[in-house]
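# sequence plus predicted model, see below.
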Protein chains: 2
Amino acid sequence: MDPNQSETRLRLLQAAGEVFAEQGFRKATIRDICSRAGANIAAVNYHFGDKEKLYASVLQHWLGEAMKKYPPDGNLPADAPARERLGAFVRSWLFRMLGEGTPAWHGKLMAREMSEPTAGFELLMSESVRPMAQRMNGLMKDLLGADADERMVRNCALSVAGQCCFYRHAHEMIRRLYPDHKNTPDQIEHLADHVTRFSLAAIEAYPRGKKDRSAVPSIQ
Amino acid sequence: MDPNQSETRLRLLQAAGEVFAEQGFRKATIRDICSRAGANIAAVNYHFGDKEKLYASVLQHWLGEAMKKYPPDGNLPADAPARERLGAFVRSWLFRMLGEGTPAWHGKLMAREMSEPTAGFELLMSESVRPMAQRMNGLMKDLLGADADERMVRNCALSVAGQCCFYRHAHEMIRRLYPDHKNTPDQIEHLADHVTRFSLAAIEAYPRGKKDRSAVPSIQ
DNA sequence: CTCCGTTTGAAACTCCCGTTTGAAACGATC
DNA sequence: GATCGTTTCAAACGGGAGTTTCAAACGGAG
């Protein structure tokens, strides 16, 4: 009864996720999506209004699915040690971005949205990016200790985020550079392992000395 | 005389760099490019053949300009200490990706090409990505020492690369998250400073103990 | 059975944009 | 000054794709 649960509506969300993820918003065609969903061209208009509204629905739908499958806290209690919480955070993030299977569209859509924002960008900002950033900043404060200033917290958070996102953003590049690179579940575990170790090592050994620029000679 | 230096040809390369960088290949229209270049629609066909060949020329042109302005070795002698070479490498990379001004198109084009490869992708792989990866791997070997295996070298290289690229890929996101974030030259210096410190700290404190997974508890 | 709201279907409509064309302007060479 | 190669111009062509339309099928309620 509920038109939001209609059979063809769901098939459209699925097919559109697939097509938008692999082609991008502009290159994707409604005809292709409807054909894959076994629906008529007019179905998009009927169920969503137009192409852009369909896209927004797809974004929201698969974000929800991904978050449900890989929650950001990794099912870890909030009072677990910060180092473990970082590990779980990184791990779930990588799985959300790289994991294959049904909700895999999310990572690709997100990556596209980052480098080429569309009307759905604000949605992702408020429903995904901002909460994630907040969680990450809290984690960093715990790890860096009380003597870390805002700027350092932010920088370190961005360094961790950069490592995580890179495997999605630059996936095509990495694949050509290292043909044996695959995104199988156990490979992702290894990546999470590395990113966590690398980041924890960096955070704990970060040179705190004020004005100690010796490590980074300003070149000419 | 040389048709490669023709006045309107150069104006087209400039305007196309601007438009492709801010709109992407598909969204950009030849009409817009020609209008900004003060040229006729047919000029693209005449000087480059078609839209795709124009795009490839733009990619190559601005890659060359960026490399000329910010060489990957940062004008540092090849026998400089590895830590300094890493600093120079990171710094020049960030400037190439983020620096404003004329050759700024390069970074944006590159970022787009990463997340949505077109026909020009192979060009970037062979002329930019592979040489950079090789340089980076050499650096990592020097920094990690002889006991580092291939996998660790690769992982650490990707961690550094991820941090650098993130500021470009996720620029729009970072800008909304932290409105004071700007890509002015001195801000870029600070970013380079942070990325270098963070990475050097991580590399030098990276837990080497085989099988020592204690730092990264595998969460259920 | 009939009615009516919901959903699907095939075709047509429009607009946008890459590309082509053929003529005109220009400039150097002889 | 005539000629020829090069470059520019305005206009039109052709196809692709989002959107609209209206009729047909479906399915439950009275």
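Structure received.
# all contacts plus neighbour counts: C-alpha atoms, from now on.
Noted.
# give me the pLDDT value at whichever residue of chain A sits closest to chain B.
Among all residues of chain A, A:Ala202 sits closest to chain B, at 3.8 Å; criterion: CA to the nearest CA. Note on A:Ala202: pLDDT of 98.
# please apply the same query to the one 3 residues further on.
Confidence per residue is given as pLDDT, and for A:Ala205 that number is 93.
# so where's chain A shaky on pLDDT?
The model of chain A has pLDDT under 70 over residues A:1-5, A:209-220.
# all helices of it, in order?
Here chain A has its helices, by DSSP state H, at A:7-23, A:30-37, A:42-48, A:51-69, A:82-98, A:105-115, A:121-124, A:130-144, A:150-169, A:171-177, A:185-205.
# make TSV from these and add distance to B:Ala66 and mean neighbour count to it.
Shown next, in TSV, are these (distance: least, CA to CA, whole Å; neighbours: other CA atoms under 10 Å in any protein chain shown):
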stretch	distance to B:Ala66	mean neighbour count
helix A:7-23	29	20
helix A:30-37	39	18
helix A:42-48	44	16
helix A:51-69	35	18
helix A:82-98	31	24
helix A:105-115	20	24
helix A:121-124	29	16
helix A:130-144	32	17
helix A:150-169	21	22
helix A:171-177	20	17
helix A:185-205	30	20
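# which non-adjacent residue is nearest the residue of chain A closest to chain B?
B:Ala202 (3.8 Å; CA to CA, 6 or more residues apart in numbering or on different chains).
# could you do A:Leu54 as well?
A:Leu54 sits nearest to A:Phe48 (CA to CA, 6+ apart), 5.4 Å away.
# okay, that neighbour and A:Ala56: tell me how far apart.
Counting by CA to CA, to the nearest Å, the separation of A:Phe48 from A:Ala56 is 10 Å.
# which residues does the residue of chain A closest to chain B contact?
B:Phe198, B:Ser199, B:Leu200, B:Ala201, B:Ala202, B:Ile203, B:Ala205, B:Tyr206 (CA atoms under 8 Å, 6 or more residues apart in numbering or on different chains).
# list the contacts of stretch A:80-98.
Contacts for stretch A:80-98 (CA under 8 Å, 6+ apart): A:66-67, A:70-74, A:76, A:104, A:106-108, A:139, A:142-143, A:164-165, A:167-168, A:183, A:185, A:188-189, A:192-193, A:195-196, A:200, B:215-217, B:219.
# and that stretch, how far from the chain's centre?
Here stretch A:80-98 is found 12 Å from its chain centre; the criterion is CA atoms, centre = their mean, to the nearest Å.
# separation between A:Cys164 and A:Leu191?
Taken as CA to CA, the span from A:Cys164 to A:Leu191 is 9 Å.
# how about A:Glu18, nearest residue that isn't a chain neighbour?
A:Trp105 (6.2 Å).
# ok, now which ones touch that neighbour?
Going by CA under 8 Å, 6+ apart, the list of residues near A:Trp105 reads A:Gly17, A:Glu18, A:Ala21, A:Trp62.
# and if we set it to 10 Å?
Counting by CA atoms under 10 Å, 6 or more residues apart in numbering or on different chains, A:Trp105 touches A:14, A:16-22, A:58-59, A:62-63, A:66, A:96-99.
# again with A:Glu172
Taking CA under 10 Å, 6+ apart as the test, what A:Glu172 contacts is B:Glu113, B:Met114, B:Ser115, B:Glu116, B:Pro117, B:Phe121.
# and with 8 Å instead?
A:Glu172 touches B:Met114, B:Ser115, B:Pro117, counting by CA under 8 Å, 6+ apart.
# and those near chain A, which?
Near chain A, judged by CA under 8 Å from any CA of the partner chain, the entries from the contacts of A:Glu172 are B:Met114, B:Ser115, B:Pro117.
# what is the nearest of those to B:Arg175?
Minimum distance to B:Arg175 across the ones next to chain A among the contacts of A:Glu172 is 19.4 Å, recorded for B:Ser115 (CA to CA).
# ok so, going back, any chance of the helices of chain A in JSON lines, with distance to DNA strand D too?
JSON lines is the format used below for these (distance: least, CA to the nearest atom of the strand, whole Å):
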{"stretch": "helix A:7-23", "distance to DNA strand D": "10"}
{"stretch": "helix A:30-37", "distance to DNA strand D": "4"}
{"stretch": "helix A:42-48", "distance to DNA strand D": "4"}
{"stretch": "helix A:51-69", "distance to DNA strand D": "4"}
{"stretch": "helix A:82-98", "distance to DNA strand D": "26"}
{"stretch": "helix A:105-115", "distance to DNA strand D": "16"}
{"stretch": "helix A:121-124", "distance to DNA strand D": "18"}
{"stretch": "helix A:130-144", "distance to DNA strand D": "29"}
{"stretch": "helix A:150-169", "distance to DNA strand D": "24"}
{"stretch": "helix A:171-177", "distance to DNA strand D": "23"}
{"stretch": "helix A:185-205", "distance to DNA strand D": "34"}
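# and of those helices, who's closest to B:Ser126?
With CA to CA as the measure, helix A:171-177 is the member of the helices of chain A nearest B:Ser126 (10.1 Å).
# quick one, what contacts A:Arg175?
With contact taken as CA under 8 Å, 6+ apart, A:Arg175 is in contact with A:His181, A:Lys182.
# let's see 6 Å
Counting by CA atoms under 6 Å, 6 or more residues apart in numbering or on different chains, A:Arg175 touches A:His181.
# just A:Ile41 next, same as before
Neighbours of A:Ile41 in contact, by CA under 6 Å, 6+ apart: A:Arg31, A:Cys34.
# now it: how far from A:Leu54?
Going from A:Ile41 to A:Leu54 by CA to CA gives 13 Å.
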